[in-house]
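# Dropping a prediction and its sequence here:
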Amino acid sequence: MKPAQQRERVRFLVSTFSGRIRRACDTIKLNRSTYYRKSSAGPLNGMLRERIKEIAAARVRYGYRRIGVLLRREGFKINDKRVYRL
């Protein structure tokens, strides 16, 4: 289960049973540091993912390196490893 889903479970427990975050985290075995951590994935990842899909659909034979070159030409600050990962 992803951390975002576990955070939702903690919020549900706290709101439903008017409990404390510490107790809810202990109940579902989630570290409190994980609960309080903010996600570093921003809206740019979704936009990049969509653009990568568009390029890959239009140019089927292009690999992740060539797609990275096209994205950099469009102004995105992205490296090949990130294109491969997305």
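Okay, I see it.
# Let me see the domain layout of this protein.
3-36, 43-85 (automatic domain parsing).
# got a markdown table for those, with mean pLDDT and mean neighbour count too?
Bear in mind the C-beta positions are built from the backbone N, C-alpha and C, glycine included. Listed next are the domains of the chain as a markdown table, based on pLDDT from 0 to 100; neighbours: other CB atoms under 10 Å:
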| stretch | mean pLDDT | mean neighbour count |
| --- | --- | --- |
| domain 3-36 | 92 | 13 |
| domain 43-85 | 90 | 13 |
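# can you map out the helices along the protein?
3-17, 21-27, 32-36, 43-58, 64-74, 80-85 (DSSP state H).
# Show me how far the last one is from its chain's centre.
Spelled out, it's helix 80-85. Centroid separation for helix 80-85 versus its chain: 14 Å, with CA atoms, centre = their mean, to the nearest Å.
# Ok, the second one next?
Between the mean C-alpha location of helix 21-27 and the chain-wide mean there is a distance of 24 Å, by CA atoms, centre = their mean.
# elements contacting it?
helix 3-17, helix 32-36 (3 or more CB pairs under 8 Å, 6 or more residues apart in numbering; DSSP states H and E).
# And for the third one?
Contact here means 3+ CB pairs under 8 Å, 6+ apart; on that basis helix 32-36 packs against helix 3-17, helix 21-27.
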